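1. model this:
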Amino acid sequence: MDSEKRPPEIIIVLDRLRSAFNTGNIFRIAEAVGAREIVACGYTPAPPHPKLEKTAMGADKMIPCRRMPDAAEAVKLLRTEGVKQILAVECTDESVFAWEYDYEFPLAIIMGNEALGIDEKALKLCDGVISLPMFGRKESINVGNCAAAVLYAIIARAGKTNVCT
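-> Below is the predicted model:
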């Protein structure tokens, strides 16, 4: 694979996701964008898991996954492993739209529980916060849909837009 078709190096950290179906969907997205790995934190379902396998459609066997007790520990470990930038995906007063952020790779993004968000300890350890605009009253979307939109915004921002073969 030539360098023009090599995806940017991205690690996806999932913090306390409840749904194995959502997690499986994120495995499919991770595989589609060439993510390096998924880090499942807390009670996030991880392979092998029958409900996750259903929506992952084989991607759970293609994308490496490791477990961590919590997202703060994952952030600390990823820093020791040379990850240049760790960003939370969360709506806050300081968040920047995903397509406007200046990314450094290898990059880790943290996706949080839809009801609880990202653990506060992990959030404080991040280099920044990215988000998608929310105009509706619910001010949230499904975590799998969010992961897809954010990951493709990162790829576009990195200049990796001509990768269809």
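2. could I get the full set of strands for this protein?
-> Here the chain has its strands, by DSSP state E, at 10-15, 37-41, 65-68, 85-89, 96-97, 107-112, 128-131.
3. against which helices or strands is the fourth one packed?
-> Spelled out, that is strand 85-89. Secondary structure elements in contact with strand 85-89, counted by 3 or more CB pairs under 8 Å, 6 or more residues apart in numbering; DSSP states H and E, are helix 71-80, strand 107-112, helix 120-125, strand 128-131, helix 143-157. All C-beta spots, glycine's among them, are computed from the backbone N, C-alpha and C.
4. any chance of these in a markdown table, plus mean pLDDT?
-> What follows is the helices and strands packed on strand 85-89, written out as a markdown table (pLDDT from 0 to 100):
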| stretch | mean pLDDT |
| --- | --- |
| helix 71-80 | 98 |
| strand 107-112 | 98 |
| helix 120-125 | 97 |
| strand 128-131 | 97 |
| helix 143-157 | 96 |
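5. ok, which of these comes nearest Ala32?
-> Closest approach to Ala32 among those is made by helix 143-157 (8.3 Å; CB to CB).
6. list the buried residues of that closest one.
-> Residues of helix 143-157 classed as buried by neighbour count (16 or more other CB atoms under 10 Å): 143-144, 146-155, 157.
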